[in-house]
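I'll drop the sequence and a predicted model, then ask my questions.
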Amino acid sequence: MTDRREFLQHVAAVSATPFVTSEPSGATGADDRVYWLRVVERVGTPVLTNLAARQLKLNMPVEAKPEAAADRAKVTHLEALGRLLTGLAPWLEQAAVVGAEAALRERFADLARQSIDAATDPGSPDLLNFDQGSQPLVDAAFLAHAMVRAPNELCAKLPALTRRHLVAALRSSRRIKPYFTNWILFSAMVEAGLCAVGEDWDATRVEYAVRQHEQWYKGDGIYGDGPDFHWDYYNSFVIQPMLLDVLGVVSRVSHDWDAFLEPMAARARRYAAIQERLISPEGTFPAIGRSLAYRFGVFQLLGHVALRHQLPDEVSPAQVRCALTAVVRRMIEAPGTFDQNGWLTIGFCGHQPSIGESYISTGSLYLCTAGLLPLGLPPNDEFWAGAPRDWTARKAWSGQMLPADHAL
């Protein structure tokens, strides 16, 4: 799409496309997948088309708390790119799709590569900030996570010069010192991204993050965010998905990490079971803790475990699909979720700027796509092909038989 007017018309059309609410339990897996893809197109189009055209800084709004807006404008654009791609990467990597979905996937993969080029080219007007302040470490890590999840589409297919620019950008984030919290995983994920593409990487940063989180494990599938327990969703936003994928990468080059693999996978399965039980019969979940503006990104870990085919025996893939579809519908269709130009607004269910912490801005919100990881499964996978199933809360509150829950 090379004509500027055609580009703008397409963005406007996608952004204005209404969603039609329907009862999720009556939808087939194919219906649900089409719905998820419409969400991907609506959420992702403004970011990728603008950045590919090297006009993201020009056109993306910066919604934030007034006192933080100037600071967030320096980092929000990398947030949008890294977070969007970390959620879309498994789908971008999934070649076993056909027809309209294949065309959409190929278009988005091409836009993603053009966006990475625009974000890392020193001569680009949209050259993004990877090393000034502290926030860029976070979103360099999310971008590296996308590389790990889509090594072919977001690494191998990059032009050689773009790949060199990307590697240099990731390395530049090393100058940022992480806080003594889940942030140490951001440093580890940057190194895992470099490892995944065959570049020199720092094993010490990875070992520090993995061993420290082993010390921060609290029991029953939950890690502390640093030494303390926080009742929020950071076990899903960051901690457990990054632990699993960092270990997945580095264990391929050394057996030194093998002892961590199964215990951490077992904890992830338990936390996935807990997350599935948190989804109410109506497709809601508790609004607990910080960063609620990431919306259905709350369920990254549940989707991640489904993507790995490691759901607990008592949790079927189809019931996870139905539960997640119900949540996505409730949140994406809430009035005010998008502004008049199709950009996400700050909120949990609609536009609720008061829930945005000082570190939240427009780019932050695109972590919602991390809740869509199962799109990386092919359409014939049980997750999508299985008949609609009630999830645990629906079974419990309708008097159906279900097994007792047990701690890990």
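Thanks, I have it. These figures come from a predicted structure and were not determined experimentally. Numbers count the residues shown, from 1 in each chain.

C-alpha from now on. contacts and neighbour counts both.
Noted.

is it true that residue 237 touches residue 300?
Yes. Residue 237 lies in contact with residue 300 (CA atoms under 8 Å); the separation is 6.2 Å.

more neighbours, these two?
The residue with more neighbours, out of residue 237 and residue 300, is residue 300; 29 against 22, by other CA atoms under 10 Å.

out of everything not next to it in sequence, what's closest to the more buried one?
In space, residue 300 comes closest to residue 371 once its chain neighbours are excluded; the distance is 4.6 Å by CA to CA, 6 or more residues apart in numbering.

so who does that neighbour touch?
Residues in contact with residue 371 (CA atoms under 8 Å, 6 or more residues apart in numbering) are 87, 296, 297, 298, 299, 300, 303.

all helices in the stretch 251-400 of the chain, in order from the N-terminus.
For the stretch 251-400 of the chain, the helices defined by DSSP state H, counting those that start in this stretch cover 258-278, 300-307, 317-332, 382-385, 392-397.

next one: the stretch 51-200 of the chain
Counting by DSSP H, counting those that start in this stretch, the helices of the stretch 51-200 of the chain are 56-59, 69-72, 76-93, 99-120, 135-149, 160-172, 184-196.

Kindly reformat the contacts of residue 371 as a markdown table containing distance to residue 100.
Converted to a markdown table, the contacts of residue 371 look like this (distance: CA to CA, whole Å):
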| residue | distance to residue 100 |
| --- | --- |
| 87 | 20 |
| 296 | 25 |
| 297 | 25 |
| 298 | 29 |
| 299 | 27 |
| 300 | 26 |
| 303 | 24 |
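
Would you show me how to pick out the buried ones of the residues you listed in ChimeraX?
Here is the ChimeraX command that picks out the buried ones among those, judged by 16 or more other CA atoms under 10 Å:
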select :87,296,297,298,299,300,303
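
re the thing from before, mind putting the helices of the stretch 51-200 of the chain in TSV, distance to residue 311 included?
Listed next are those as TSV, based on distance: least, CA to CA, whole Å:
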stretch	distance to residue 311
helix 56-59	38
helix 69-72	37
helix 76-93	17
helix 99-120	26
helix 135-149	19
helix 160-172	32
helix 184-196	24
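
need the contact list for residue 55.
By CA under 8 Å, 6+ apart, the neighbours of residue 55 are 125, 126.

Could you count how many residues lie near residue 187?
Count around residue 187 with other CA under 10 Å applied: 25.

Quick check, it in contact with residue 141.
Yes. Using CA under 8 Å, residue 187 is in contact with residue 141, at 7.0 Å.

Nearest to residue 51, out of the helices of the stretch 251-400 of the chain?
For the helices of the stretch 251-400 of the chain, proximity to residue 51 was assessed by CA to CA; helix 317-332 is nearest, at 22.8 Å.

what's the closest one packed up against?
In terms of contacts (3 or more CA pairs under 8 Å, 6 or more residues apart in numbering; DSSP states H and E), helix 317-332 is packed against helix 29-52, helix 382-385.

how about 10 Å then?
helix 29-52, helix 258-278, helix 300-307, helix 382-385, helix 392-397 (3 or more CA pairs under 10 Å, 6 or more residues apart in numbering; DSSP states H and E).

May I see the buried residues of stretch 220-230?
221, 222, 223, 224, 225, 226, 227, 230.

Save those as TSV, and put in secondary structure, distance to residue 402 and pLDDT too.
Output for the buried residues of stretch 220-230, formatted as TSV (DSSP: H, G, I helix; E, B strand; the rest coil; distance: CA to CA, whole Å; pLDDT from 0 to 100):
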residue	secondary structure	distance to residue 402	pLDDT
221	coil	21	97
222	strand	24	97
223	strand	27	98
224	coil	30	97
225	coil	32	96
226	coil	35	94
227	coil	35	94
230	coil	29	94
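
Which one of those residues is nearest to residue 32?
Closest to residue 32, out of all of the buried residues of stretch 220-230 and judged by CA to CA, is residue 221, at 29.0 Å.

For that closest one, list the residues it contacts.
235, 240, 263-274, 407-408 (CA atoms under 10 Å, 6 or more residues apart in numbering).

On the pLDDT front, check the closest residue to residue 370 other than its chain neighbours for me.
Nearest-residue entry for residue 370: residue 87, 3.8 Å, with adjacent residues in sequence omitted and distances by CA to CA, 6+ apart. pLDDT, the model's per-residue confidence, is 98 for residue 87.

quick one: contacts for residue 87?
40, 142-143, 145-146, 149, 297, 300, 304, 366-376.

quick revisit: columns distance to residue 74 on top of the helices of the stretch 251-400 of the chain, output as a markdown table?
Formatted as a markdown table, the helices of the stretch 251-400 of the chain follow (distance: least, CA to CA, whole Å):
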| stretch | distance to residue 74 |
| --- | --- |
| helix 258-278 | 34 |
| helix 300-307 | 26 |
| helix 317-332 | 27 |
| helix 382-385 | 40 |
| helix 392-397 | 42 |
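
Of those, flag the one that's most buried.
Most buried of the helices of the stretch 251-400 of the chain, by mean neighbour count (mean count of other CA atoms under 10 Å): helix 300-307, with a mean of 27.
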